[in-house]
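# return atomic coordinates for the entry below.
(chains A and B)
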Amino acid sequence: MSRVAVITRLELVRRIRNRSALVTAFVAPLAIGVVFGVLIGGAGHLKFTIGVVDGDHSPVARSFVDAVVHRSPSGNDPVHFRELASQPAARHAVDNGDVDAAIVIPAGFATAVMERGRTQLVVLRKPARPVSGQVAQSVAGGFGNRVNQVDLALATVSSIRPQALSQQLVEAAQQLRAPLATRDVAMGAREVSPTAFYGASMAMLFLFFTVSFAPRSLMADRQQKILDRMLATPTAAGDIVAGKVLAVCALSVAGFATVWLVTSVVFGADWGDPAAVVVLMVATVAALGGVSTFVSSLARTEQQADGYTGAVTFVLALLGGNFIGPGQAPDVLRRVAMFTPNGWALRAFTDVSADAAGVSQIGRPVLVLLAFAVVFGAVGIMRVREGVEQ
Amino acid sequence: MDDPLLRCENLVRRYRDRVAVAGVGFDIARGEVYGLLGPNGAGKTTTISMVAGILRPDAGSILVEGLPVTTGAGPAKQLIGLVPQDIALYPDLSAVENLQFFGRLQNLDGSRLQQRIDAVLEVVGLADRAHDRIDDYSGGMKRRANIAVGLLHQPHLLILDEPTVGVDPQSRNQILESIETLGGEGLSVLYTTHYMEEAERLCDRVGIIDAGKIVAEGTRRELVALVGAHDRVHVSVSGDAAALAARCRTIAGVIEVHQTDSRLEIVSDDAGRVLAPVVEAADVEGVAVTGVDVREPDLEAVFLHLTGKALRD
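So this is what the prediction gives:
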């Protein structure tokens, strides 16, 4: 058995016996990934029920109510409308949670529009439910814009006939659709499985800690003078570093694969093409391993390495979008995420899951991840090795 | 020294601006126990780290059986066994698991490895606790397990860095007896200590190291002679002490005699040589000897003389 293999084997035996390492590599990412996927992941399938009150009883108002309440929603349409009798009834329904928000077309609405007087739609919402309030506001805004556009178009015609305006408004109301913002947040051809997304996301988060075992183990060995004893044998410093790095890479891939298998088999999460997932997994372990090794190499003690790794992990996780559901990150954050290895990895995992991307379609992110691995890993390993050689 | 097992020449090691070892050189013969005696911070550990191939010297050379010792994976390292001052073992593994790991790094495997593990555990008296975790051992047992790893691959040179620090008297004695046995079996030993009595008990020769330099080297007697120290025999008598003092001054080997009441202090190069003639002289003078106390100069005195400070400073 080569000396590298001897060191790798010992590291694995020690890590497997050490329950905290098992928690970091296997249990924690799996548990948190599943919890995030099941609880927060539901945000990807939000359903809203919006109440609508026709207080105007005009053809325009009736057309709007009919358009939204009696349309044929698709199975995964997130917004449903229910007609309510009056504004007090709508207020009661919102307060009781029977509907998430309500839109009230007040009496005299159509008349005010035709006479170019001031009028407005009323949106009832609960402060505790900002998202549903926004959806209702958006639907009402869409209707208002339509009305205003028709009004403006007709205003440019020299002869204004009230009957024509009314008819135009009715048609505008009938053409109203739920605004784009309320569409489901699926990013690709298929929906991203929240459990798969958060499983990968949390596996990555804990990967930073798992891969940092290698430099931290070297620091511990140095403090306990075990490193001296190893160096007093015919073992090169490079063999010691390689043995430790191989052990944590094996542990990391095993941890990641466990999250993949359990979320797929037990929770039915669809991660996408298995070959692409494996390739991405290995590239991700390499990239995060490189970054983590570099970060740990800046530390002088195990405690310092823990601190540095923790800080960098959470900053990268925030910037890379590990805590934000699929497709929910604002544009700025999406752009910033492309400067982080975990951001690239998450995007690639999402592509594999949502767009059914295969190995050939993830070449670019894999190359970027390997570049992170080579650049940061090479510098990190060089620094660690220099420290070992003294 | 012709054909030494270990030859160190002009070793230098700096840590930034501080010179830890400044031109240390010494030889160790086959089967010799050589002691590096010096206070904490004198450069002992840095010196043996270079000899063990852990630290790269800034200057100088180290040869073991003619093979250069380097910080890489050179063959000379298979001739050297290191027992660090700290317990350099994985505490979460058993003694056997630690021995298996370090044995494999020393190219041992299979039945040969198992034989050597059994043998060294027997030597250090841990055979019955072989499968216990190191962190379940007492301090003395950990020390002995630490030594076992150094002996595992049957090195020609065993380096022991203060192996008895923090050890209870019983374990300490057991460790010293093991080293005496190993020295008696022909193993060369490089032993660092700041305990003068250990150096005197174990070492054939001693190098006194201070501030990164070997300031004196030789057998205990050579070192004592080097600084001009003498043995002192204190004799308590009943009778004519003055007459006995006068007769003692005529004995060959006696340098001087001081008399205070019924007590004589006889200064000599070799107390063992003059003791019998002194007792005979007392018999001749009709003086009864009621007590004898022989005090030989020790390495502590030598160290104090050479460096102006005590070993435990």
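# give me the below-cutoff pLDDT ranges for the stretch 1-150 of chain B.
B:1 (pLDDT under 70).
# and it, which residues reach chain A?
Taking C-beta under 8 Å from any C-beta of the partner chain as the measure of proximity, the stretch 1-150 of chain B contacts chain A at B:49, B:52-56, B:71-75, B:77-78, B:80, B:82, B:84-90, B:92-93, B:101-102, B:104-107, B:109, B:149. Backbone N, C-alpha and C define where each C-beta goes, glycine included.
# could you turn the buried ones of those residues into a PyMOL selection?
PyMOL command restricting the residues of the stretch 1-150 of chain B next to chain A to the buried ones, with burial defined by 16 or more other C-beta atoms under 10 Å in any protein chain shown:
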select buried, chain B and resi 49+52+53+54+55+71+73+77+78+80+82+84+85+86+87+88+89+90+93+101+102+104+105+106+149
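# quickly list the domain ranges of chain B.
Chain B breaks down into these domains under automatic domain parsing: B:6-225, B:230-296.
# end-to-end on the first one?
In terms of C-alpha to C-alpha, to the nearest Å, the two terminal residues of domain B:6-225 are separated by 26 Å.
# kindly report the same for the shortest one.
End-to-end distance of domain B:230-296 (C-alpha to C-alpha): 7 Å.
# ok, back up a step: helices - which of the residues of the stretch 1-150 of chain B next to chain A land there?
In this view, the residues of the stretch 1-150 of chain B next to chain A that belong to helices under DSSP state H are B:49, B:101-102, B:104-105, B:149.
# pick out the most distant pair among these.
Comparing all pairs in these by C-beta to C-beta, the longest separation belongs to B:Ser49 and B:Arg104, at 22.8 Å.
# which parts of the stretch 51-200 of chain B are strands?
For the stretch 51-200 of chain B, the strands defined by DSSP state E, counting those that start in this stretch cover B:59-64, B:67-68, B:80-83, B:157-161, B:188-193.
# buried deepest among those, which one?
Using mean count of other C-beta atoms under 10 Å in any protein chain shown, the stretch among the strands of the stretch 51-200 of chain B with the greatest mean number of neighbours is strand B:80-83 (a mean of 28).
# so what's the residue count around A:Val388?
Look at A:Val388: counted by other C-beta atoms under 10 Å in any protein chain shown, it has 20 neighbours.
# so what does residue 205 have for phi and psi?
I went with chain A, as the question did not name one. Phi and psi for A:Leu205, reported as degrees, to the nearest 10, are phi -60, psi -50.
# not what I meant, chain B
Recorded main-chain torsions at B:Arg205 are phi -140, psi 160, according to degrees, to the nearest 10.
# show me which residues of chain A sit near chain B.
A:1, A:3, A:6-7, A:10, A:14, A:17-18, A:224-226, A:228-237, A:239, A:389-390.
# per-residue confidence for A:Phe256?
You'll see A:Phe256 listed with a pLDDT of 86.
# which parts of stretch A:304-321 are buried?
Neighbour counts over stretch A:304-321 (16+ other C-beta under 10 Å) mark A:305, A:308-309, A:312-313, A:316-317, A:319-321 as buried.
# give me the contacts around that stretch.
Residues external to stretch A:304-321 that are found in contact with it (C-beta atoms under 8 Å, 6 or more residues apart in numbering or on different chains): A:201, A:204-205, A:208-209, A:212, A:215-216, A:219, A:291-292, A:295-296, A:298-299, A:323, A:329, A:333-334, A:336-337, A:339-343, A:345-346.
# and what of stretch B:195-211?
Taking C-beta under 8 Å, 6+ apart as the criterion, the residues outside stretch B:195-211 that touch it are B:22, B:24, B:26, B:32-39, B:42-44, B:47, B:164, B:176, B:179-180, B:183, B:189, B:191, B:193, B:214-220, B:223, B:298-300, B:302-303, B:306-307, B:311.
# filter these down to the buried ones, PyMOL style.
With 16+ other C-beta under 10 Å as the burial test, the buried ones among those are selected in PyMOL as follows:
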select buried, chain B and resi 22+24+26+32+33+34+35+36+37+38+39+42+43+44+47+164+176+179+183+189+191+193+214+216+217+220+223+298+299+300+302+303+306+307+311
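# quick one, what contacts B:Asn107?
Applying C-beta under 8 Å, 6+ apart, one finds that B:Asn107 lies in contact with A:234, B:78, B:153.
# and the domains of chain B, which is most packed in?
For these, the largest average neighbour count (mean count of other C-beta under 10 Å) is found in domain B:6-225, namely a mean of 19.
# distance between that domain and the chain's centre?
11 Å (C-alpha atoms, centre = their mean, to the nearest Å).
# any idea how far A:Trp260 is from A:Met204?
12 Å (C-beta to C-beta, to the nearest Å).
# of these two, give the one with the bigger neighbour count.
Using other C-beta under 10 Å, the more surrounded residue of A:Met204 and A:Trp260 is A:Met204, with 29 against 23.
# next, count neighbours for the residue lying closest to that one once chain neighbours are set aside.
Spatial nearest neighbour of A:Met204, excluding adjacent residues (C-beta to C-beta, 6 or more residues apart in numbering or on different chains): A:Asn342 at 5.0 Å. Here the neighbour count serves as a burial measure; for A:Asn342 (other C-beta under 10 Å) it reads 27.
# re earlier: turn the strands of the stretch 51-200 of chain B into CSV, including distance to A:Val99.
Compiled in CSV, those are given as follows (distance: least, C-beta to C-beta, whole Å):
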stretch, distance to A:Val99
strand B:59-64, 86
strand B:67-68, 86
strand B:80-83, 78
strand B:157-161, 79
strand B:188-193, 84
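# mind checking these for the one nearest to A:Ala373?
Smallest distance to A:Ala373 across the strands of the stretch 51-200 of chain B (C-beta to C-beta): 35.4 Å, for strand B:80-83.
# doesn't B:Gly212 make contact with B:Ala42?
Yes: under the criterion of C-beta atoms under 8 Å, B:Ala42 lies in contact with B:Gly212, with a separation of 7.2 Å.
# from the residues of chain A next to chain B, keep the buried residues only.
Buried residues within the residues of chain A next to chain B, defined by neighbour count using 16+ other C-beta under 10 Å: A:3, A:6-7, A:10, A:14, A:224-226, A:228-237, A:239, A:389.
# show only the entries of the residues you listed found in strands.
Per DSSP state E, strands hold no members of these.
# A helix includes B:Val289, no?
No: using DSSP: H, G, I helix; E, B strand; the rest coil, the secondary structure at B:Val289 is strand, not a helix.
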